[in-house]
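[1] curious how this folds, go ahead:
(one chain, ligands or ions: 2)
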Amino acid sequence: MTDLDAVVHGASELVVGPDGSGRALETVEDGAVAVVDGTVAAVGPTEDVTREYPPGNARRAVDAGGRAVLPGFVDPHTHGLFAGDRSDEFAAKLRGKSYQDILAEGGGILRTVRAVRDADDETLLSNLLGHLDTMLAHGTTTVEVKSGYGLDTETELQMLRVIDRADDRHPVDVVPTFMGAHAVPEGRDADDYTDEVVEEQIPAVESQGVADFCDVFCEEGVFSVAQSRRVLEAGAEAGLTPKVHAEELAHIGGTQLAAEMGATSADHLLYATEEDIDALVEASVTPVLLPGTAFGLGADYADAGAFLESGAPVAVATDFNPNCHSHSMGFAMALSCVEMRMTPAEALVAGTRNAALALDREDGSGTLREGAPADLLVLDAPTHVHVPYQYGTNVVDTVLADGAVVCEDGRTTYE
Ligand code: NIG
Ligand code: FE
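    Ligands and ions are numbered 1, 2, ... in the order given. Okay, the predicted model is just below:
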């Protein structure tokens, strides 16, 4: 007998993944999924799947009972490991202070850097595990987490080790990104700090062996295109795949750099131009849009329609960080629909399969196709449309990670 981990059956709507157009969904009515060895072994109509894989033979049978079943959400851009509290900056921004003003006064990222340098390993780990629990309860089964609140070799390495420990401990699959070039530390010059990132931090990150990606904040007043290029080239030589924070607050050319470097993703893109979009498509760089950041800053949103029209596999992420304190991919998808005029299907593809592409996961992650990791959600609602439609409400009821039930009734249940 096969080792049948789970059978989830009776889904009113089972979302398999994007259809051939990439902008609509392949769904099954009264659908089921069977899981063997943590991966999807069969997906289709309940009658067919349960004939081959009887729920009674499974370690866990889940009757979706007329509710929707979706691939787990993939959140491809967060700064989810931090310490301290910046809620007062939220209030200051509402009174008209800009993100750049706060940073220039030593607040923002630099304030979180001080809090992280003062925190010990156990505090950092418990902060991250707490955030992962909340993300999981909101349906996220894979999340990227960046370093970048250390800004010195020792603390950057410490952050990556904590991210690695959290990945070992927690059912959410955590993808580590090195981002020593997240800000210029207080009292330092950008060129001189770039030297440190390239000559000291990246070799140390390579020998510690935790990070998959190297990201850089290519932004006016932070790292120039030339400095960002140096960081990404050194990272690539150390085996770290490039990612770029590009055109978030101004247009300086980070998107073209992402294309030139063959980055996995270019993120934010509020000020990306038509030429930038063409360059991304040409170089197969996945655009990651972060509507929660624009929402929190009261800023404009990226032009999702232009990216979709160009055929780019638009991804969406929360950008969860002390400046954008939302764990919820459902909320990011709601903003994608309401503020960026994406359809609920486009938003779901953006937060599942395309988000997996933004993390170089090409193993079916973000879909429920045969062979994909069995990360899936049972909603407390009949269709995927309810994810953005019920904005502000968590419609995720049950979560399976690698075929094991890890969250029920909106509460985490893993050991
Ligand atoms: O993606 N842009 C740089 N990094 C974050 C903000 C981090 C912070 O403010 O702590 C972002 O928006
Ligand atoms: Fe970011």
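[2] which non-adjacent residue is nearest the residue of the stretch 1-150 of the chain found nearest ligand 1?
    The stretch 1-150 of the chain approaches ligand 1 most closely through residue 109 (4.4 Å), counting by Cβ to the nearest ligand atom. Quick note: C-beta positions are derived from backbone N, CA and C, even for glycine. Spatially, and ignoring its direct neighbours in sequence, residue 109 is nearest to residue 183 (4.3 Å; Cβ to Cβ, 6 or more residues apart in numbering).
[3] am I right that the one you found is in a strand?
    No: counting by DSSP: H, G, I helix; E, B strand; the rest coil, residue 183 is located in no strand; its state is coil.
[4] give me the neighbour count for it.
    Using other Cβ atoms under 10 Å, residue 183 is surrounded by 24 other residues.
[5] offset the numbering so it begins at 232, please.
    I'll keep to 232 as the first residue from here, and by that count the last item is residue 414.
[6] you'd agree it is up against residue 342?
    No: Residue 414 lies out of contact with residue 342 (Cβ atoms under 8 Å); the separation is 10.5 Å.
[7] near ligand 1, which residues of the stretch 282-431 of the chain show up?
    310, 339, 340, 343 (Cβ under 6 Å from any ligand atom).
[8] how much space between the last one and residue 359?
    Pointing back at residue 343 there. For residue 343, the distance to residue 359 equals 13 Å [Cβ to Cβ, to the nearest Å].
[9] just list what the helix or strand that contains residue 391 packs against, helices and strands only.
    Taking DSSP states H and E as the definition, residue 391 sits inside helix 384-400. Applying 3 or more Cβ pairs under 8 Å, 6 or more residues apart in numbering; DSSP states H and E, we find helix 384-400 packed against helix 340-349, helix 352-368, strand 404-412, helix 433-439.
[10] returning to that earlier point: which two in the residues of the stretch 282-431 of the chain next to ligand 1 are spaced the farthest apart?
    The largest separation in those, counting by Cβ to Cβ, is between 310 and 339 at 11.5 Å.
[11] more neighbours: which of these two?
    Set residue 310 next to residue 339 and count neighbours by other Cβ under 10 Å: residue 310 wins out with 23 against 19.
[12] backbone phi and psi for the more buried one, please?
    When read as degrees, to the nearest 10, the backbone of residue 310 gives phi -120, psi 60.
[13] and the residue of the chain found nearest ligand 1, how close does it get to residue 380?
    Nearest residue of the chain to ligand 1: residue 554, at 3.3 Å (Cβ to the nearest ligand atom). Distance of residue 554 to residue 380, computed by Cβ to Cβ: 12 Å.
[14] quick one: which of those two has more around it?
    residue 380 (29 against 22).
[15] and what about that one, helix, strand or coil?
    coil.
[16] ok, now which ones touch it?
    For residue 380, the contacting residues are 310, 312, 313, 314, 340, 343, 344, 346, 347, 386, 390, 413, by Cβ atoms under 8 Å, 6 or more residues apart in numbering.
[17] how about the residues you listed in JSON lines, adding pLDDT?
    As requested, the contacts of residue 380 are exported to JSON lines (pLDDT from 0 to 100):
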{"residue": "310", "pLDDT": "98"}
{"residue": "312", "pLDDT": "98"}
{"residue": "313", "pLDDT": "98"}
{"residue": "314", "pLDDT": "98"}
{"residue": "340", "pLDDT": "95"}
{"residue": "343", "pLDDT": "98"}
{"residue": "344", "pLDDT": "98"}
{"residue": "346", "pLDDT": "98"}
{"residue": "347", "pLDDT": "98"}
{"residue": "386", "pLDDT": "98"}
{"residue": "390", "pLDDT": "98"}
{"residue": "413", "pLDDT": "97"}
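[18] just the closest of these to residue 529, please.
    Nearest member of the contacts of residue 380 to residue 529, counting by Cβ to Cβ, is residue 340, at 19.0 Å.
[19] now the helices for the stretch 382-531 of the chain?
    With helices called from DSSP state H, counting those that start in this stretch, the stretch 382-531 of the chain shows them at 384-400, 421-427, 433-439, 456-468, 485-492, 505-513, 522-528.
[20] would you put the C-alpha positions of the fifth one in CSV?
    Listed in CSV are the C-alpha atoms of helix 485-492, where the atom choice follows Å, rounded to 0.1, in the frame of the first residue of the first chain:
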residue,chain,number,x,y,z
GLY,A,485,17.4,49.5,-10.9
THR,A,486,15.1,47.7,-13.3
GLN,A,487,17.5,47.8,-16.2
LEU,A,488,20.2,46.6,-13.8
ALA,A,489,18.0,43.7,-12.8
ALA,A,490,17.6,42.8,-16.5
GLU,A,491,21.3,43.2,-17.2
MET,A,492,22.2,40.9,-14.2
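[21] that helix - what's its average pLDDT?
    Mean pLDDT, helix 485-492: 98.
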